[in-house]
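1. Okay, here's the prediction I keep looking at, along with the sequence it came from:
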Amino acid sequence: MKHEVDATNQSLGRLATKIATLLRGKNTAAYTPEKFADVEVVVRNIDKIRFAGTKATTKIYHHYSGFPGGMHSRTLEQRWAKHPREVVRDSVYGMLPKNKLRDRMMTKLKFN
């Protein structure tokens, strides 16, 4: 089953929960948590996502390389300017269950 989600004028978190729900298959009558739902979610217009208030400048993402002095921090605005798809993908990834099916579910997320 293929779902298309339009991201125009939606906030990032609300959009990510909608996508995560569709990827899990929770909107179908035959939902079982231990089975992989064979669905595909296509997200359109991610460049029109809106951020509430000052979230673009105050939300900070941290990445640690594992080496001394290897802590890298970026704001949402900086990440969004370079890789908007990765921001959406990371927010959906964090909302999926932390089990073996998560990576398989993420392969079904496409951007248009």
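-> All right, it came through fine.

2. Secondary structure element holding the most centrally placed residue in the chain?
-> By C-alpha atoms, centre = their mean, the mean C-alpha position of the chain lies nearest to Val92, the distance being 2.7 Å. Following DSSP states H and E, one finds Val92 within helix 84-95.

3. what does stretch 67-78 contact?
-> Contact with stretch 67-78 is made by 51, 55-65, 87, as judged by C-beta atoms under 8 Å, 6 or more residues apart in numbering. In this view, the C-beta of every residue, glycine as well, is placed from N, C-alpha and C.

4. closest to Asp38 among the residues you listed?
-> When those are compared for distance to Asp38 (C-beta to C-beta), Val87 wins out at 26.4 Å.

5. What are the buried residues along stretch 35-49?
-> Applying a neighbour-count criterion of 16 or more other C-beta atoms under 10 Å, one finds 37, 39, 41, 43, 46, 49 buried in stretch 35-49.
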